[in-house]
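> structure for the following, please:
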Amino acid sequence: MNRPKYYVGIDISSKTFTSAIGIMEDAWQIIGKPKQFENTVDGFAAYKNWLNQYGITTENTILCMESTGVYGELLAHFLVVNNYPVSIEPPLKVKRAFHPEGHKSDPVDSTQISEYAYRFWDELSIWQPRKEVIEQISTLLTVREQFVTEKTAHKNALIALKRKAIRTPLAESIHETAISQITISIKKIDDEILHLLDQDPHFRNMIRLLISIPGVGITLAAHILVVIQSAPQSLSAKELAAFIGICPYEHSSGSSIHKPATSRHYGPPALRRLLFLAAMSVRTHNKKFNRYFYQKLNEGKPAKLIINNIANKLLKIMIAVLRANTPYIENYHSVNPGMLSLSLTKS
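Numbers count the residues shown, from 1 in each chain. Modelled structure (predicted):
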């Protein structure tokens with residue numbers, strides 16, 4: 001992408017959004033004043049007219065906004081449909097680009113986002129909407145996780161009620177009914193996810209490859225599929241581990257600061273939990289991973305670290321089978337092509 005002439009910052013809120021336009025000519029500057037618009041379809045049309053008044057076209061600009069979930073989703077889709085290049089950046093990344101001082105308001109925030117786009121334009125990724133089926137699966141997985149959390153809360157409350165000296169049948173019955181209804185809802189969600197995946201041959205094949213790996217079920221495979229399809233570019237196993245929050249990073253400085261390597265402890269919690277459960281499962285039921293676990297345990301490694309290593313190994317296998325488009329092979333051994341050529345020559 002060639003360097004744009006205009007850098008438009010957008011600060012999103014629930015009901016409104018504020019935009020500022022930056023330009024680089026003799027020096028960097030904001031042109032005009034930041035303006036606020038309604039976060040509605042009518043507001044989007046007024047915003048497009050406002051951009052046109054400054055001579056902003058789809059070829060000479062880049063628009064940048066922070067990731068705010070559903071608040072900015074409709075506007076982002078509107079801009080992409082109208083062929084504007086849009087970048088959606090993590091709020092923390094934008095925040096860290098500026099000193100935490102001075103006023104904080106919507107006009108100030110939109111101005112800072114505009115400046116951020118100017119300073120880091122060559123690092124921005126152009127956002128594209130996810131495929132409809134992936135968007136639906138992502139929503140269903142989110143709702144499923146909410147139901148699983150709610151179901152666990154009802155189960156814990158029911159256990160506590162049954163341990164009381166004086167029982168209350170009605171309260172227990174309400175929890176039991178809620179658990180039953182949530183279980184049915186989770187089953188419906190799982191069936192719908194399978195139905196959606198079955199409609200697309202490419203996604204159906206990816207799921208088939210992923211669930212061939214020990215410990216990987218439909219739900220974990222669907223989460224991995226959503227992450228991979230949502231990424232702006234192909235992810236390596238290490239990048240995927242970093243995104244999920246299971247990639248250990250060194251923490252040392254000089255001779256006085258030396259802490260064990262640890263992950264950043266952020267990322268999609270549902271995916272991290274499912275991956276941890278998969279690692280626990282293969283540690284118990286898969287001979288290869290079980291042997292690896294106790295080998296490292298005997299070497300003095302912490303059990304939690306070993307489980308984290310197993311989770312990383314599972315991610316590497318997932319990426320490998322998807323790239324090779326081949327199901328998991330239990331006793332697969334890679335062959336060095338150079339050594340194979342050497343042995344054939346000698347024979």
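
> quick one, strands of the stretch 151-300 of the chain?
249-253, 257-262 (DSSP state E, counting those that start in this stretch).

> among the ones you listed, show the one with the smallest mean pLDDT.
With a mean of 49, strand 249-253 has the lowest mean pLDDT of those.

> report the residue ranges of every domain in the protein.
Listed domain ranges for the chain are 6-123, 132-199, 237-324 (source: automatic domain parsing).

> export those domains to TSV and tack on mean neighbour count and distance to Gln229?
No exception for glycine: its C-beta is placed from N, CA and C like everyone else's. Output for these, formatted as TSV (neighbours: other Cβ atoms under 10 Å; distance: least, Cβ to Cβ, whole Å):
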stretch	mean neighbour count	distance to Gln229
domain 6-123	16	16
domain 132-199	14	5
domain 237-324	15	11
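
> what residue ranges in the protein score low on pLDDT?
1, 101-103, 232-233, 248-266, 332-347 (pLDDT under 70).

> ok so, going back, mind checking the domains of the chain for the one nearest to Ala222?
Nearest of the domains of the chain to Ala222, taken as Cβ to Cβ: domain 132-199 at 5.6 Å.

> would you list every one of the helices in the protein?
41-53, 73-81, 91-95, 106-119, 132-162, 169-199, 201-210, 218-230, 237-244, 269-285, 287-298, 303-324, 337-346 (DSSP state H).

> for Glu25, which of those helices is the nearest?
helix 106-119 (11.9 Å).

> and the gap between the nearest residue to Met24 once chain neighbours are set aside and Ile10?
Spatial nearest neighbour of Met24, excluding adjacent residues (Cβ to Cβ, 6 or more residues apart in numbering): Tyr118 at 6.3 Å. Going from Tyr118 to Ile10 by Cβ to Cβ, to the nearest Å gives 14 Å.

> same question, Lys316
38 Å.

> also Ile31?
15 Å.

> how about Ile179?
For Ile179, the distance to Ile10 - Cβ to Cβ - is 43 Å.

> can I get the helices of the chain in TSV with distance to Ile23?
Putting those into TSV (distance: least, Cβ to Cβ, whole Å) gives the following:
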stretch	distance to Ile23
helix 41-53	13
helix 73-81	19
helix 91-95	19
helix 106-119	9
helix 132-162	34
helix 169-199	44
helix 201-210	42
helix 218-230	32
helix 237-244	34
helix 269-285	41
helix 287-298	57
helix 303-324	42
helix 337-346	54
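
> many thanks, we can stop here.
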